[in-house]
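[1] I would like the atomic coordinates for the input below:
(chains A, B and C)
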Amino acid sequence: MQRIGVFVCHCGSNIAATVDVKKVTETALMEPGVVHAEDYQYMCSEAGQAKIAAAIAEKNLTGIVVCSCSPRMHETTFRTCAERAGINPYMVEIANIREHCSWIHKDVEEATKKAVILMRAAVAKVNLNTPLKPGESRVTKRALVIGGGIAGIQTALDIADAGYEVDIVEKTPSIGGRMSQLDKTFPTLDCSACILTPKMVEAAAHDKINIYTYSEVEQVSGFVGDFTVDIRKKARSVDMNKCTGCGLCQEKCPSKKTPSEFNRGLNTRTAIYTPFAQAIPNVPVIDREACIKFKTGKCGLCSKVCAAGAIDYEQKDEIITRKYGAIVVATGFDVIKLDKYDEYAYSQSRDVITSLELERIMNAAGPTKGHLQRLSDGREPKNIVFVQCVGSRCADERGKSYCSKICCMYTAKHAMLIRDKYPDVNVTVFYIDVRTPGKNFDEFYRRAVEEYGVNYIKGQVGKVCPEPDGSLTVYASDLLDNKQLRMSADMVVLAAAIEPSASVRQIATMLTASIDTNNFLTEAHPKLRPVESPTAGVFLSGVCQGPKDIPETVAQAGAAAVKAIGLLAKDKLMTNPCTAKADELMCNGCSQCANVCPYGAISYETRLVMGPGVRENRRVAVVNNALCQGCGACTVTCPSGAMDLQGFSNRQIIAEVDAICR
Amino acid sequence: MPMNDNAEFRPKIVAFCCNWCSYAGADLAGSSRLTYPADVKIIKVPCSCRVNPMFILRAFEKGADGVIMCGCHPGDCHYSTGNYYARRRMTLLFSMLDYIGVEHGRTRVEWVSAAEGVKFSATMNEFVEKIKSLGKNVRLGDLRCRS
Amino acid sequence: MQELINRTKELLADGTVARVLGWRRGDLPTNPEPAYFNDGESLSEFVYNGFCGANLSKYMIEASELDGRTLVFLKPCDTYSFNQLLKENRVDREKAYIIGVGCKGKISEASLNAIGIKNVIDVKGAELTDACDTLTIETLTGNTTCAYRDAMLERCHVCRGKEYVVYDELIGDSADTVDGDRFDEVRKIEAMSPEERFAFFKAELSKCIRCNACRNVCPACSCRKCVFDSTKFDSAQKANSDSFEEKMFHIIRAFHVAGRCTDCGECSRVCPQGIPLHLLNRKFIKDINTLYGDFCAGESAEGATPLTSFTFGDAEPGTV
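    Numbers count the residues shown, from 1 in each chain, chains lettered A, B, ... in the order given. Have a look, this model is predicted:
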């Protein structure tokens, strides 16, 4: 029989205001196994923990029930406290009487009744708890960063600077990501390439960083400290060791009609290409879909002009299998498709563009060499209208419910840059709210309005109509003046919402990392563990976790790196002791459990089984504790109940059921 | 046991919640102060695939009026595939319960993510209403009565 | 039958097999029972006729532990059970010498009783020598006849076919016995109101005396230790008449064999109370076929079962 202590927390008034904590404490003393019960203001405080430790010593307790907040908050706190006081941490159970009780019920009598039942269920469970001991597993001292944008680059640099090997996997032919497509950055207006390129070069030159571009993560197995990852290095058709990056092949390539991904399809590129001049590595790839040699077998011009003999049409995809201790996801974002926003005439008029397209137009290396012009006729626009929140803060299914966070600032930047370079161009911005929380952000926006004379109008654009003369008529409402507006523009720029890169779903599935309804990766805790995924050993960097600008991304990238370094610095990890365990006396050896194990943790052995009246060689299931993550799928598949889950055993759960239904 | 017609019927409801999504969703409902009836009591399991049909039948046999299981949305299981197995098991089990004449609606599965506190609370409110409309569960307790 | 005995004697004599698993004449002509035969002499007791409904595949679990090969006679439907056990590593294929025997449908005394023929003393016409048309039954109240078909087990009317999915050799002819749809009975129950369904199952399951015959005969229900006998779930509470196991036994049993049950019908055949237990198993089979695609347990000794696999777009619980 256990000797159980029940500790009821008031959580200030959070619990005590709705739950009669004294009543819960008194009732606890009547439960089987309970030898001690007390309540206290804040159990998680040092004084509260001291009370638990004292009771353990005094009453010789073997099990603890803490009636308090969610185990997701303080289970670890109380387990550590118990361990320090000399009892096994897995002899502690939490009855969640705050989130699941006091916070949602108003009636004291009702809430108290429920709290008593939750306490009973926890006591019933602890009565069947057994001490569990975590196993140990090793840590591979190498990190994988998925995504080679500014987030991935910064994370990789920070981890590498701490002395650990890092691999970056980037799916496009070059690292650099979205930031490399930007012209200037807010709020300082320095040139994006000027601050990004040195980082790219530093990453490429770092002796601890290894970059796989034009590569994708194909498969992930294993667990924290010991991931095994298959990386598919797509065939580049160019030998990276031989190529000198002279660029002659691109000049001569006769296939020139493929829309340039880097320039958002505003111009075209050749079949053999590097996405942009500062690309790292400066080695082109052959787009096999566009290449005439691959399509018809004829051509081969690039091969003929390549003095280094680097062109290799026979190159195959390569699978690289590597072990990693930590994985950082930095898959970034894309702009949403605007095909459902017909009212803005994005698909109808070439002069309706997204802000990212404007970045390319304004960039000196862009399709117009940095000259602001209409894509339809090349004329310089005189009236530009910016539309904010296109698909952001959107109530319907076409867009996203969240705020994309960066649009207010980059629109102020665009407006300012245009007014600076082309003072006679009229710039109007239609906004719902201008959101500028950030260092020097509001000052930046005020400058756009006050110094640069950008015309900000609070209101949403209802419709953009392309006119026969090539101009665009913008219909909008001015909410402050409460009137309908109709104005002529010759360029409309849409601040399209950003969304997580499409590849993130697949990556999340491979990593068993959770994602939210908007496909952003979920943090282990939204406030206290913002750069960790709930899946141990997986960290989040950049926009894959939520919209953010460059300074925030870099800050988070550094934070993710520190978390990864903290993990890699350990020599050994303690494994979760709540793993499955087969009772070999009862095991049929039927293999059904192995079929459902997602980790391949169950194998079969023929071994001598001994028990009452049994002494024979049998085929039995054996669980690898380092691989088992404790989901319990096997336990339900097992008809005899030979497979059970430690910490959540059949008897424990049934005891909880019985206590609740009593 | 004669029931007092005047007393409001308070059902006993057991909710199995997976640790990673639904239990966190229930926590979020709590921290957002989204109420649902106190009749619902939550049991934490690591994954919806840990829920053995035995647990559900046990709850009914011990007097539960409704049992609901919540897990991560299909595709979002912390263990990748757990909820897919759970989905098949529960589909078949619920169909069987219906087949032997236990009222449809006493059992339910709902996928609730850690971000869906609103959904958790709404689901529980709805489920409790449903169970109240079905009244006390007698059939599962009575299935193999001895004459 | 003589052909079976002759061949068996050969295999015993040349050492191919160490023993034979077959049927032996019972205390009544209508109830032959499974038995081991260790030599040619003991085969005088051997019998194979229309009453040999017993599925011998489950006995191969223990026979796989014995030295040498065991000759086992399997009817077409029994081979599915054997294959399923093979898939679950419960039997050793190397230890079995399987003779697939012809089947013209199996009959039972219970079926005779059901058509009003009681107090049976002897039955002629069940020897399976020729076409099985008519049975001549000697009863306490005189002789009577009936069509062989009318004395057949329910399962034979909806037989899945006379193919053998695993065997070493085949002896004897089979006959098509199907004259009904396998899921008709299930559909009939599904069409009832919930109240009617509940009344039906309550009436049927209340007859159960927990003799465990269904469990013991079932080739899928073959755990070394049944969950209802173990301490693993706090489900074994013999003293308590209101206990968990009493109420939930048949549902849990059906669930445990879901996706593994070959619908051999042995549970219903052996139930002394005549509970149509196959209706529970067949409901699962019907659901599995409808929801997850046609699946036949035991058809293959490889691959996952419907409950150890899934597709991303599976039906949601409660929607069917």
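[2] near chain C, which residues of chain B show up?
    In this structure, chain B approaches chain C at residues B:53-54, B:57-58, B:61, B:74-75, B:81, B:84-85, B:87-104, B:107-109, B:139-147, judged by Cβ under 8 Å from any Cβ of the partner chain. The C-beta positions use only the backbone N, C-alpha and C, and glycine is treated the same way.
[3] what's near enough to touch the closest residue to chain B within the stretch 101-250 of chain C?
    Distances from the stretch 101-250 of chain C to chain B, computed as Cβ to the nearest Cβ, single out residue C:198 as the nearest residue at 2.6 Å. Residue C:198 makes contact with B:100-102, B:139, according to Cβ atoms under 8 Å, 6 or more residues apart in numbering or on different chains.
[4] minimum pLDDT in those, which residue is that?
    Lowest-confidence member of the contacts of residue C:198: residue B:139, scoring 75 (pLDDT).
[5] quick one: it and residue B:102 touch, right?
    Yes. In terms of Cβ atoms under 8 Å, residue B:139 counts as a neighbour of residue B:102; the distance is 5.0 Å.
[6] which one of the two has more residues nearby?
    Neighbours per residue, other Cβ atoms under 10 Å in any protein chain shown: of residue B:139 and residue B:102, the larger number sits with residue B:102, 24 against 20.
[7] quick check: the more buried one vs residue A:132, distance?
    Relative to residue A:132, residue B:102 is positioned 37 Å away (Cβ to Cβ, to the nearest Å).
[8] strands along the stretch 151-300 of chain C, start to end?
    With DSSP state E, counting those that start in this stretch as the criterion, the stretch 151-300 of chain C has strands at C:169-171.
[9] could you list the low-pLDDT ranges of it?
    Low-confidence segments of the stretch 151-300 of chain C, defined by pLDDT under 70: C:235-247.
[10] residues from it in reach of chain A?
    Proximity of the stretch 151-300 of chain C to chain A, by Cβ under 8 Å from any Cβ, involves residues C:221-227, C:230-235, C:256-257.
[11] can you turn the buried part of the residues you listed into a ChimeraX selection?
    A single ChimeraX command suffices to select whichever of those are buried according to 16 or more other Cβ atoms under 10 Å in any protein chain shown:
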select /C:221,222,223,224,225,226,227,230,232,233,234,235,256,257
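[12] which of the residues of the stretch 151-300 of chain C next to chain A fall in helices?
    Secondary-structure check on these using DSSP state H: residues within helices are C:256-257.
[13] all helices of chain B, in order?
    Assigned by DSSP H, the helices in chain B fall at B:22-31, B:53-61, B:82-99, B:117-134, B:139-142.
[14] can I get those in JSON lines with distance to residue A:662?
    Compiled in JSON lines, these are given as follows (distance: least, Cβ to Cβ, whole Å):
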{"stretch": "helix B:22-31", "distance to residue A:662": "22"}
{"stretch": "helix B:53-61", "distance to residue A:662": "11"}
{"stretch": "helix B:82-99", "distance to residue A:662": "23"}
{"stretch": "helix B:117-134", "distance to residue A:662": "18"}
{"stretch": "helix B:139-142", "distance to residue A:662": "14"}
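[15] now those as TSV including distance to chain A?
    Formatted as TSV, the entries for those read as follows, by distance: least, Cβ to the nearest Cβ, whole Å:
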stretch	distance to chain A
helix B:22-31	3
helix B:53-61	5
helix B:82-99	5
helix B:117-134	8
helix B:139-142	11
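[16] what is the burial count for the residue nearest to residue C:183 when sequence neighbours are not counted?
    Setting aside the residues directly before and after it, residue C:183 is nearest to residue C:286 in space (Cβ to Cβ, 6 or more residues apart in numbering or on different chains), at 5.0 Å. Burial of residue C:286 is recorded as 17 neighbouring residues (other Cβ under 10 Å).
[17] great, nothing more from me.
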